[in-house]
Structure formats: C-alpha cells, structure tokens
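Q: Whatever this is, show me its structure:
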Amino acid sequence: MKRVIETERIPINLWLDDIEEGAMKQAKDIANLPVSFSHIAIMPDSHQGYGMPIGGVLATENAIIPNAVGVDIGCGMCSLRTNQQEISRDTLKKIMGKVRDSVPVGFSHHDKKQDEEWMPDLNGELPIVRQEYESALKQVGTLGGGNHFIEIQKGSDGYIWIMIHSGSRNIGFTAAKHYHNLAKEKNRGRDDVPKDLAFFREDTDEFLQYSNEMTYCIDFALANRKLMMERVKDAVAEEITGVDFSDFINKPHNFASRETHFGKELIVHRKGATRAREGELGMIPGSQGAPSFIVKGKGNPEAFESCSHGAGRIMSRTKAKKTLSLKDQIKSLEEKGILHAIRHKSDLDEAPGSYKDIRTVMNNQKDLVDIVIELQPLAVIKG
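A: Predicted structure coming up:
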C-alpha cells in the first residue's frame with residue numbers, strides 16, 4: 001500500500017501515487033456512502049469511471065450498488081496455455097485471420113443464433129435478461145469493443161499462451177443501465193447518496209432482482225469468453241498439428257459477491273478489480289505493447305483480497321486520439337515484432353501510450369499478488 005487517506009467517513013487505502021483528480025473525488029464519494037464498510041481500496045491501475053473509479057473495491061453491509069459493478073457486468077479475463085514452445089510469424093498471421101473470421105469484434109455480432117447450450121440457464125425472475133435473450137444468442141462468442149482483446153503470448157515458462165478479455169455485451173449493458181436508473185429513482189431526495197452511487201437495500205425486491213440479473217450476466221460473460229476461446233483453439237489446431245491446451249483460467253473484474261471480511265458478511269463490489277485470495281490464480285494484462293502476468297493472490301485483507309485488473313489508462317480515449325503519434329505507436333509495436341491492432345488514428349485510444357506502465361503497476365501491488373508467469377504479446381486482435 002502506498003498511502004491512506006483519512007479525511008472521509010472511512011479511510012481510503014491507495015496502491016498508487018498518481019491518482020487523477022476525478023478518480024480521487026469518486027473514491028471520496030464512495031468512502032462517504034452510508035452503506036460503505038471499514039475502508040475503500042483503490043488499486044494501482046485506478047482511473048476515473050462512472051460514479052466509482054475503475055480499479056475500486058468497495059464493501060457494503062446489506063446493500064448493492066449497480067454502478068459499483070459497472071455497465072459491463074461480468075467483464076473479465078480468461079487464459080490457457082498450449083503445449084507449444086514456438087510459433088512462427090506466418091502461422092500467427094494465419095491463426096489470427098481465422099479468428100477474425102469466426103469471432104465478431106466491435107459492434108458486430110453473429111449472423112445466426114449460436115447453440116443455446118452456450119447460454120446460462122434462465123432460472124428465476126430475469127425480466128431484462130429475458131427481454132434481451134434472443135439478441136444475446138447472436139452476441140455470445142463475440143469480442144465487443146474498447147479495451148477487449150484476444151492475444152497470443154509467449155510465457156516466461158517457455159510456452160505459448162492465449163488470453164481473452166471481454167464482457168457481457170449488450171445484455172449486461174442493458175441490465176446495468178436499467179437497474180442504475182431504478183436505483184436513482186429509489187434514492188431520489190437523499191442528500192447523502194450521489195445519484196451515480198444509488199443503491200438497493202437487501203430487504204427490497206429490487207435488490208433481489210438486480211442480484212439475479214447480475215449473476216446471469218456474469219455467467220453469460222463467462223460463456224462468451226469460453227465460446228471465443230473454443231473458436232481460437234479451433235484456429236490454432238487447424239494450423240498446428242498436435243497442439244494441446246491446459247486448463248482454462250477465468251477471472252471476472254466487474255462484479256459484486258457475498259464474502260466474509262473482518263468477521264462480517266459483506267457485499268464486496270469490484271469495479272475493474274480482480275479477486276486475489278491467498279493462492280488464487282489470476283491475470284493482469286498490460287497494453288498490446290507490454291507484458292501481461294499470471295499472478296497468485298496473497299489475500300491481503302486491506303485490499304479485501306483484491307488486485308488490479310490491468311495497467312489502467314493514463315489518458316482518456318479522446319486525449320489519446322488527439323495527442324499520440326500514430327507513426328510512433330506503430331513503430332514501437334513493430335520494433336517488438338508484435339502483430340498489433342493499430343491501423344488508424346481512431347485506434348490510438350488503445351495504443352500502448354494511452355496506458356500506465358504495467359511494471360510500475362505490478363511493483364505497486366507486490367503486497368497483493370506474486371507474479372507466476374510473465375507473458376509477452378505476439379499477436380493481438382482488438383475490438
């Protein structure tokens with residue numbers, strides 16, 4: 001931990017020095033919520049979000065906050081290791097071409113509905129999920145946009161790895177928006193609750209409804225990543241004879257869950273933060289020009305057993321497009337031999353220069369995780 005701020009209702013534990021003003025204000029807002037418990041934890045990749053900073057961890061007693069989970073419910077990472085130790089550039093190009101043919105990116109989705117076996121079971125009261133279900137059948141197994149990616153990497157263990165970052169697509173966004181708006185209505189007139197941090201009490205129907213739909217969206221996001229991973233595995237297997245794959249690792253980083261901390265049952269909200277219980281494996285990606293990491297959690301109670309979910313933005317998407325040099329960003333990637341996703345000025349919002357230095361981020365959370373494997377990017381597809 002870098003420092004503690006004790007000027008608000010509860011302390012704010014920070015694992016970074018360079019937090020932006022907007023993110024700090026949001027950290028103070030969540031520290032002053034009447035339902036916040038013990039302290040707030042701000043991870044080293046933190047930056048401003050909606051209502052709550054990305055890279056924030058908030059525990060509550062008997063309340064759930066839709067905006068403290070975020071608009072991409074269940075967004076997270078998955079990875080697996082191949083049995084291959086080398087892969088040629090030509091083979092990488094062929095694999096990534098096949099992946100682009102089978103995994104829609106950005107706003108695109110499948111032309112046909114995917115097999116319903118990939119969809120989580122529709123159990124309980126799920127009005128928004130049921131409303132969006134038919135559309136979701138064409139969105140499962142799609143990457144989405146923003147900072148989502150499919151990446152082939154070379155590990156410090158000597159093996160080739162595959163990593164995917166994606167979320168719950170429109171079904172999660174629609175559920176998040178609906179329940180945030182409903183929470184604002186339920187909290188109307190309260191001076192002690194900013195509208196972007198409106199919550200539901202546990203003894204309300206809305207709490208149960210949001211919890212059920214959030215859980216479904218988390219499960220859908222996992223199914224989405226699993227289907228994409230199967231398509232990537234198929235592409236790899238078509239180009240490499242005798243390839244085999246390790247067990248699948250999955251970690252969401254936009255979710256709320258019931259957990260026990262400091263002897264109390266709490267609802268821990270992680271928005272752009274990864275759970276890191278003692279011995280628990282996780283993933284922390286860098287930018288498409290920097291390494292990612294397989295990590296093992298240390299279970300630090302001061303972070304509610306959490307760690308960062310990535311490098312974190314150092315500038316807004318708009319600023320990146322205005323200030324970064326397309327030529328320089330492409331040059332830096334090509335000098336490293338990376339098959340990258342920067343083609344046009346509009347892609348600069350996901351250029352390496354728009355992100356914090358991942359090694360600084362990792363150094364700032366040595367008390368949260370241990371690095372198990374370092375993964376160097378070889379080829380990247382971005383949304």
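
Q: Identify the residue spatially nearest to His253, adjacent ones excluded.
A: Closest residue in space to His253, ignoring its immediate chain neighbours: His309 at 3.8 Å, by C-beta to C-beta, 6 or more residues apart in numbering. The C-beta positions use only the backbone N, C-alpha and C, and glycine is treated the same way.

Q: shouldn't the one you found be in contact with His47?
A: No. Counting by C-beta atoms under 8 Å, no contact exists between His309 and His47, whose distance comes to 11.4 Å.

Q: Which one's more surrounded, those two?
A: Neighbour comparison, His309 and His47: the larger count goes to His309, with 27 against 23 (by other C-beta atoms under 10 Å).

Q: Report the separation between the more buried one and Lys271.
A: 9 Å (C-beta to C-beta, to the nearest Å).

Q: Pull up the overlap in contacts between those two.
A: Shared between the contact lists of His309 and Lys271 (criterion: C-beta atoms under 8 Å, 6 or more residues apart in numbering) are residues 55, 253.

Q: anything in contact with each of His309 and His47?
A: With C-beta under 8 Å, 6+ apart, His309 and His47 have common neighbours Gly55.

Q: can you pull the pLDDT of Glu125?
A: In this model, Glu125 is scored at 89, pLDDT.

Q: Could you count how many residues lie near it?
A: Counted with other C-beta under 10 Å, Glu125 comes out at 11.

Q: Now do the same contact list for it.
A: Applying C-beta under 8 Å, 6+ apart, the residues contacting Glu125 are 208-209, 212.

Q: Could you rerun that using 7 Å?
A: 209, 212 (C-beta atoms under 7 Å, 6 or more residues apart in numbering).

Q: What of Ala176?
A: So Ala176 contacts 66, 70-71, 73 (C-beta under 7 Å, 6+ apart).

Q: quick revisit: correct me if wrong: the residue nearest to His253 contacts Phe255.
A: No. Look at His309 against Phe255 with C-beta atoms under 7 Å: they stay out of range, at 11.1 Å.

Q: still on that earlier bit, need the contacts of Ala176 in TSV with secondary structure and distance to Ser88, can you?
A: Below are these laid out as TSV (DSSP: H, G, I helix; E, B strand; the rest coil; distance: C-beta to C-beta, whole Å):
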residue	secondary structure	distance to Ser88
Pro66	helix	47
Gly70	coil	39
Val71	coil	40
Ile73	coil	39
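
Q: Using TSV, please lay out those residues together with neighbour count, pLDDT and distance to Ala235.
A: Listed next are the contacts of Ala176 as TSV, based on neighbours: other C-beta atoms under 10 Å; pLDDT from 0 to 100; distance: C-beta to C-beta, whole Å:
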residue	neighbour count	pLDDT	distance to Ala235
Pro66	30	98	36
Gly70	28	96	30
Val71	20	96	30
Ile73	29	98	28
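
Q: Can you report how many residues neighbour the nearest residue to Gly353 once chain neighbours are set aside?
A: Using C-beta to C-beta, 6+ apart and skipping the chain neighbours, the partner closest in space to Gly353 is Leu324 (4.9 Å). Residues contacting Leu324 under the criterion other C-beta under 10 Å number 20.

Q: Could you measure from Leu324 over to Ser346?
A: In terms of C-beta to C-beta, Leu324 sits 12 Å off from Ser346.

Q: before we move on, what about His39?
A: 40 Å.

Q: These two: who's more crowded?
A: Neighbour comparison, His39 and Ser346: the larger count goes to His39, with 22 against 11 (by other C-beta under 10 Å).

Q: Just confirm Ile152 is within a strand.
A: Yes. Counting by DSSP: H, G, I helix; E, B strand; the rest coil, Ile152 falls inside a strand.

Q: Hmm, it is touching Leu375, no?
A: No. Using C-beta under 7 Å, Ile152 makes no contact with Leu375, being 9.6 Å away.

Q: ok now the helix or strand Lys28 falls within, how far from the chain's centre?
A: Element membership of Lys28 [criterion: DSSP states H and E] is helix 21-31. In terms of C-alpha atoms, centre = their mean, to the nearest Å, the centre of helix 21-31 is found 20 Å from the chain centre.

Q: same question for the biggest helix by length in the chain, mean pLDDT?
A: In the chain, with assignment by DSSP state H, the single longest helix is helix 205-239. Helix 205-239 shows a mean pLDDT of 98.

Q: Report the buried residues of it.
A: In terms of neighbour count (16 or more other C-beta atoms under 10 Å), helix 205-239 has its buried residues at 206-207, 209-229, 231-233, 235-236, 239.

Q: just stretch 331-350 next, same as before
A: Quick answer for stretch 331-350 (16+ other C-beta under 10 Å): 332-333, 338-342, 347-350.

Q: Which pLDDT value belongs to the residue nearest the centre of the chain?
A: Nearest residue to the geometric centre of the chain (C-alpha atoms, centre = their mean): Gly76, 3.9 Å. pLDDT for Gly76: 98.

Q: thought it was touching Arg270?
A: No. When contacts are counted by C-beta under 7 Å, Gly76 is not listed as touching Arg270 (10.0 Å).

Q: Please identify every residue contacting each of those two.
A: Common neighbours of Gly76 and Arg270 (C-beta under 7 Å, 6+ apart) are His253.

Q: Glu202: how many residues sit nearby?
A: 15.

Q: check contacts around it.
A: 62-63.

Q: Tell me the backbone dihedrals of it, please.
A: phi -70, psi -20 (degrees, to the nearest 10).

Q: Could I get the contacting residues of Gly49?
A: Applying C-beta under 7 Å, 6+ apart, the residues near Gly49 are 26, 271-272.

Q: Would it be right to say that Lys184 lies in a helix?
A: Yes. Judged by three-state DSSP, Lys184 forms part of a helix.

Q: Setting aside sequence neighbours, what's the nearest residue to it?
A: Leaving aside its sequence neighbours, Lys184 sits nearest to Ala198 (C-beta to C-beta, 6+ apart; 4.6 Å).
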